[in-house]
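Peer 1: Compute the structure for the input listed below.
(one chain, ligands or ions: 2)
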Amino acid sequence: MVFTMERRETFSSAHRLHSPAMSDEENKQIYGKCNNPNGHGHNYVWRVILKGEVDPRTGMLYDLAALKKQMAEVLDIVDHKHLDKDVEYFQTVPSTSENLVRFLYDSIKSRLGRPELLKECVLHETEKNVFTYSE
Ligand SMILES: Nc1nc2c(c(=O)[nH]1)N=C([C@H](O)[C@H](O)COP(=O)(O)OP(=O)(O)OP(=O)(O)O)CN2
Ligand SMILES: [Zn+2]
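Peer 2: Numbers count the residues shown, from 1 in each chain. Ligands and ions are numbered 1, 2, ... in the order given. All right, here's what the predicted structure looks like:
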């Protein structure tokens, strides 16, 4: 019997869409208002989905208290930060939601006691824009 479980957390980050691999002109052209040098912010929703067999001894797929703690460690990296200035990963990678959901996926996977349970991460950038990453 296969179960899935999900925990959601919200965080606020500033960013600027700007790729070091392109000229300033190309950045302006491709990212438009999101390339504004002073940046902008989002209240993101981050969803972690786990999938697997329940441990018959505990009746749990994964300990929620542990997941909460591990997600909090990742949130410390991004919450109330400017992604491009405060998070090393985004010094060289554009802080698109595609790259951010992958960063969150890799960051939680490396902290999970049972990484094989990680099914996917979903990131809501706005009410309208949602991104999913899985391996
Ligand atoms: N493929 C991607 N395209 C865009 C991303 C992204 O991460 N991946 N991000 C942005 C900007 O970050 C922008 O802030 C989000 O878009 P925005 O237009 O502000 O939000 P909405 O689409 O919800 O706005 P509405 O105008 O209300 O539709 C842009 N593109
Ligand atoms: Zn944005």
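Peer 1: Show residues contacting stretch 94-102.
Peer 2: Contact with stretch 94-102 is made by 15-19, 44, 46, 78, 83-84, 87, 90, 93, 121-123, 125, 129, 131-133, as judged by Cβ atoms under 8 Å, 6 or more residues apart in numbering. For the C-beta atoms, the positions are set from N, CA and C on the backbone; glycine is no exception.
Peer 1: And stretch 59-72, by the same measure?
Peer 2: 3-5, 7, 9, 46, 48, 50-55, 108, 111-114, 117.
Peer 1: The longest helix along the chain: how far from the chain's middle?
Peer 2: Assignment by DSSP state H gives helix 64-78 as the longest helix of the chain. Remark: helix 64-78 is offset 12 Å from the chain centroid, using Cα atoms, centre = their mean, to the nearest Å.
Peer 1: ok, now stretch 32-49?
Peer 2: 11 Å.
Peer 1: Just checking that stretch against ligand 1, any contact.
Peer 2: Yes. Using Cβ under 6 Å from any ligand atom, we find that stretch 32-49 touches ligand 1 at 34, 40.
Peer 1: and that stretch, what's its mean pLDDT?
Peer 2: Mean pLDDT, computed over stretch 32-49, is 98.
Peer 1: Fine by me, thanks again.
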